[in-house]
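A.B. asks: could you work out the structure for the sequence below:
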Amino acid sequence: MTTKSTTPGAGTGAGTATGADTGSSANRDLQQVLALWLVEGHSSATDLVGRLRSVADSFDHDAAEGALRDLADAGLVRATSRSGGELDYVRTSLGHEYVAHEFASDSPVAARLAELERLRTDFVATIAHELKTPLTAIRTCVGLLVDSEAHADAEVRQRLLTRVASSTDTMQHLIANLLDLARYRSGTVQLELRWVDAAQLAREAAQQLAPLAEQRQQEVRFAEPAEPLLAYVDRRRLEHALSNVLSNALKFSPSGAVVAVTVRRDGDHAAWDIRDEGKGIGESDQRHLFERFFRGRGDQEGGTGLGLPIALAAVQAHGGSIAVQSEPGRGSTFTVLVPLSGPDEPQDQA
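C.D. replies: Sure, this is the predicted structure:
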């Protein structure tokens with residue numbers, strides 16, 4: 001078994017399913033302006049990432065360092081000192097003038113910042129909502145347990161305690177998912193790599209979801225290669241990723257549907273194609289599928305909207321990607337790709 005630390009690349013997390021280039025000219029320009037706006041007093045690349053990372057996943061350490069270098073070349077900021085191995089920057093007088101112009105209320109940058117603030121507010125509201133339901137259940141059950149009549153009835157007491165335990169598990173699951181995402185995005189996840197049969201991994205992921213499939217009278221049907229397909233992966237984390245994608249397919253397929261899982265070799269990658277019989281996903285929704293808390297396919301299905309972002313983060317930590325093919329009314333196919341030989345060694349940051 002090999003243990004490997006991962007360093008996420010630009011684009012890890014929100015809004016990209018295929019490892020698409022987040023370094024477009026427009027995106028770099030926005031990053032530079034945001035970096036300039038965030039330079040208050042002495043600021044390093046790490047400072048900037050900490051201020052913006054909660055709402056802009058593509059703004060990672062490399063992006064921040066690149067933006068600051070470009071701004072320094074343009075004379076908008078200047079390096080003043082080195083702290084903890086990093087350069088600290090401050091705005092120049094030209095930089096202050098530029099900020100005043102770019103952040104006028106009618107500027108495109110101001111509109112983007114307003115959108116980032118909306119995302120931050122939605123993030124807090126969603127977390128509060130997801131925690132409110134189990135907390136309300138716990139408070140109600142505890143209130144009944146202190147009632148003398150309910151406390152005296154062993155059957156009622158057991159039912160209330162079971163509900164408390166279930167609600168506690170719900171909150172723990174949410175918090176664990178949020179911490180997982182944070183670890184992936186900060187590059188602190190340790191992958192425990194070993195050779196694993198790709199088909200067996202898919203079957204184990206499906207086994208976790210057997211109760212859900214049975215409840216909905218659905219079938220998970222497998223197509224596997226004739227010869228074993230071995231991949232060098234973190235079994236637990238990749239199984240979790242496949243389980244999240246498969247859970248999504250089951251939830252958005254009707255009762256009695258068949259969800260098809262095809263395991264195959266794709267060049268030097270292992271591929272898992274997971275096809276559902278749901279309503280399909282519109283093009284506009286596809287762009288947001290891997291954003292935290294996005295539930296555009298139907299809020300009535302419930303869930304926190306963290307399953308797909310975590311799946312993508314785990315797959316990208318392996319050097320892989322997730323692609324989506326879908327159109328309304330024709331179902332969806334999610335393809336998970338990871339290198340057979342494992343992720344490349346993380347590159348040192350410049």
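A.B. asks: would you mind giving the domain segments of this protein?
C.D. replies: As recorded under automatic domain parsing, the domains making up the chain are 2-103, 112-186, 193-339.
A.B. asks: show me what contacts residue 256?
C.D. replies: 216, 217, 218 (CB atoms under 8 Å, 6 or more residues apart in numbering). Every residue, glycine included, has its C-beta placed from N, CA and C.
A.B. asks: sorry, slip of the keys, the one I care about is residue 265.
C.D. replies: By CB under 8 Å, 6+ apart, the contact list for residue 265 reads 225, 229, 271, 340.
A.B. asks: in which helix or strand would I find it?
C.D. replies: strand 258-266 (DSSP states H and E).
A.B. asks: what segments of this structure are helices?
C.D. replies: Assigned by DSSP state H, the chain shows helices spanning 25-38, 45-52, 61-73, 93-102, 108-145, 148-152, 154-186, 198-208, 210-215, 235-251, 283-286, 307-317.
A.B. asks: out of the ones you listed, flag the one nearest residue 335.
C.D. replies: With CB to CB, the closest approach to residue 335 among those belongs to helix 235-251: 9.5 Å.
A.B. asks: report the beta-bridge partners for residue 219.
C.D. replies: Listed beta-bridge partners, residue 219: residue 258 (assigned using DSSP bridges).
A.B. asks: distance check, it against residue 86.
C.D. replies: Distance from residue 219 to residue 86, counting by CB to CB, to the nearest Å: 54 Å.
A.B. asks: and what of residue 144?
C.D. replies: In this view, residue 144 and residue 86 are 55 Å apart by CB to CB.
A.B. asks: could you do residue 232 as well?
C.D. replies: On the measure of CB to CB, residue 232 and residue 86 end up 34 Å apart.
A.B. asks: also residue 47?
C.D. replies: According to CB to CB, residue 47 and residue 86 sit 9 Å apart.
A.B. asks: likewise residue 136?
C.D. replies: Computed as CB to CB, the residue 136 to residue 86 distance reads 45 Å.
A.B. asks: those two: who's more crowded?
C.D. replies: In this view residue 136 and residue 86 are compared by other CB atoms under 10 Å, and residue 86 has more residues nearby, 18 against 11.
A.B. asks: can you verify my assumption that the more buried one contacts residue 64?
C.D. replies: No. Between residue 86 and residue 64 there is no contact under CB atoms under 8 Å: 10.0 Å.
A.B. asks: intersection of neighbour lists for the two?
C.D. replies: Common contacts of residue 86 and residue 64, defined by CB under 8 Å, 6+ apart, comprise 45, 46.
A.B. asks: quick one, strands of the stretch 251-350 of the chain?
C.D. replies: 258-266, 269-275, 321-326, 332-339 (DSSP state E, counting those that start in this stretch).
A.B. asks: between the ones you listed, which one is nearest to residue 90?
C.D. replies: Nearest of the strands of the stretch 251-350 of the chain to residue 90, taken as CB to CB: strand 321-326 at 38.8 Å.
A.B. asks: how far out from the middle of the chain is that closest one?
C.D. replies: Distance, stretch centre to chain centre, for strand 321-326: 15 Å (CA atoms, centre = their mean, to the nearest Å).
A.B. asks: do the same with stretch 66-83
C.D. replies: Chain-centre distance of stretch 66-83: 31 Å, with CA atoms, centre = their mean.
A.B. asks: can I get that stretch in CSV? Just the C-alpha atoms.
C.D. replies: What follows is stretch 66-83, C-alpha atoms only, in CSV (Å, rounded to 0.1, in the frame of the first residue of the first chain):
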residue,chain,number,x,y,z
GLY,A,66,0.0,34.2,-10.7
ALA,A,67,-2.4,37.1,-10.2
LEU,A,68,-0.2,38.8,-7.8
ARG,A,69,2.9,38.5,-10.1
ASP,A,70,0.9,39.9,-13.0
LEU,A,71,-0.4,42.8,-10.9
ALA,A,72,3.2,43.5,-9.7
ASP,A,73,4.4,43.5,-13.3
ALA,A,74,1.6,46.0,-14.1
GLY,A,75,2.7,48.3,-11.2
LEU,A,76,-0.6,47.8,-9.4
VAL,A,77,1.0,46.1,-6.3
ARG,A,78,4.5,45.8,-5.0
ALA,A,79,6.2,43.2,-2.9
THR,A,80,7.3,44.5,0.5
SER,A,81,8.5,41.6,2.6
ARG,A,82,8.6,37.8,2.8
SER,A,83,6.5,36.1,5.5
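A.B. asks: buried set for it?
C.D. replies: Residues of stretch 66-83 classed as buried: 66, 67, 68, 69, 70, 71, 72, 76, 77 (neighbour count, 16 or more other CB atoms under 10 Å).
A.B. asks: residues in contact with the residue nearest to residue 272 when sequence neighbours are not counted?
C.D. replies: Of all residues not flanking residue 272 in the chain, residue 336 sits nearest, at 4.4 Å (CB to CB, 6 or more residues apart in numbering). The neighbourhood of residue 336, defined by CB under 8 Å, 6+ apart, consists of 241, 242, 245, 271, 272, 274, 311, 315, 320, 321, 322.
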